[in-house]
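> here are the coordinates; sequence isn't available:
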């Protein structure tokens, strides 16, 4: 069966520090992968999506970047965190076709 | 205008009540539709897909009106465990990929 892993579960980082969040998927190949952010009390905002290795589409201009170095690995990064980067970061994958997504358990990031 | 709009609630109902949530979407090219459930500080989980003919899953009934760009979710015989935020989700095809666009969610509180 397919599973999706995200880590860490929680993270507290100072302003100006770098960030690297990793997401991996098991049990499938060539998944479409997505990074979402949910600010406190807000809806989910699509940040990046990837349809294959090295292919990244950015939805909104921001302080973050994404990379897909392997088929089942999706990484969210920042060189210098801002206070406004705080939020709940969720990775998701879609098997293909017109289906919903499965989410990882998320990383709760607090920038202090 | 938001791409997917929902009443944020909260809907505060007694156990056993019937409650209905509504959602509208703006992109007429939307391909498919879903309701997700999100518990506090957890990732969203797929509750059910929404089909044009309407579909039912136990106590939950979903309806779609493509002409009005309107989606609904009906919960009958509410349980305490139904307390959560319900997210209306639209799958939009853009370029060669699909993207899920989330509403901000409707919060449901079921009281004893």
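The structure has been received and is ready for your questions. Just so you know, these numbers come straight off a predicted model, no measurement behind them. Residues are numbered from 1 along each chain as shown, chains lettered A, B, ... in the order given.
> confirm for me that residue A:70 is in contact with residue A:52.
No - contact criterion CB atoms under 8 Å: residue A:70 and residue A:52 do not qualify, at 10.7 Å. No exception for glycine: its C-beta is placed from N, CA and C like everyone else's.
> list the buried ones in whichever strand or helix holds residue B:62?
Take DSSP states H and E as the rule and residue B:62 turns out to sit in strand B:60-65. Buried positions in strand B:60-65, judged by neighbour count with 16 or more other CB atoms under 10 Å in any protein chain shown: B:60, B:61, B:62, B:63, B:64.
> who's the fourth one bridged to?
Residues found in beta-bridge contact with residue B:63 (criterion: DSSP bridges) are residue B:72.
> what about the strand holding residue B:62, distance to the chain center?
Here strand B:60-65 is found 9 Å from its chain centre; the criterion is CA atoms, centre = their mean, to the nearest Å.
> tell me what it is packed against?
Secondary-structure packing of strand B:60-65 (3 or more CB pairs under 8 Å, 6 or more residues apart in numbering or on different chains; DSSP states H and E): strand B:30-38, strand B:45-50, strand B:55-57, strand B:70-75.
> residues of chain A that sit close to chain B?
A:32, A:34, A:36, A:42-44, A:46, A:49, A:51, A:57, A:59, A:88, A:90, A:92, A:94, A:98-106, A:108 (CB under 8 Å from any CB of the partner chain).
> mind redoing it with 6 Å?
A:43, A:44, A:51, A:90, A:98, A:100, A:101, A:103, A:105, A:106 (CB under 6 Å from any CB of the partner chain).
> tell me, how many residues neighbour the residue of chain A found nearest chain B?
The minimum distance from chain A to chain B, using CB to the nearest CB, falls at residue A:43 (3.6 Å). The burial count assigned to residue A:43 is 20, neighbours taken as other CB atoms under 10 Å in any protein chain shown.
> now do the same for the closest residue to it other than its chain neighbours: its pLDDT.
Nearest residue to residue A:43, sequence neighbours excluded (CB to CB, 6 or more residues apart in numbering or on different chains): residue B:104, at 3.6 Å. Predicted confidence (pLDDT) for residue B:104: 92.
> using the three-state scheme, assign residue B:104.
Here residue B:104 is coil, with the state taken from DSSP: H, G, I helix; E, B strand; the rest coil.
> try residue B:77
coil.
> before we move on, the earlier item: look up how far residue A:78 lies from the residue of chain A closest to chain B.
21 Å (CB to CB, to the nearest Å).
> what about the closest residue to residue B:62 other than its chain neighbours, how many neighbours?
Excluding its sequence neighbours, the residue lying closest to residue B:62 (CB to CB, 6+ apart) is residue B:50, at 4.2 Å. Neighbour count for residue B:50, taken as other CB under 10 Å: 23.
> residue A:16 and residue A:78 touch, don't they?
No - Residue A:16 is beyond contact range of residue A:78, at 10.0 Å (criterion: CB atoms under 6 Å).
> higher neighbour count, the two?
A count of neighbours by other CB under 10 Å puts residue A:78 above the other of residue A:16 and residue A:78, at 19 against 10.
> by how many degrees do the helix or strand bottoming out on mean pLDDT in chain B and strand B:30-38 diverge?
One helix or strand of chain B scores below all others by mean pLDDT, DSSP states H and E: strand B:97-102, with a mean of 83. Calculated by axes from the mean of the first three to the mean of the last three CA atoms, to 10 degrees, strand B:97-102 forms an angle of 50 degrees with strand B:30-38.
> if anything else comes up later, I'll come back, but that's it for now.
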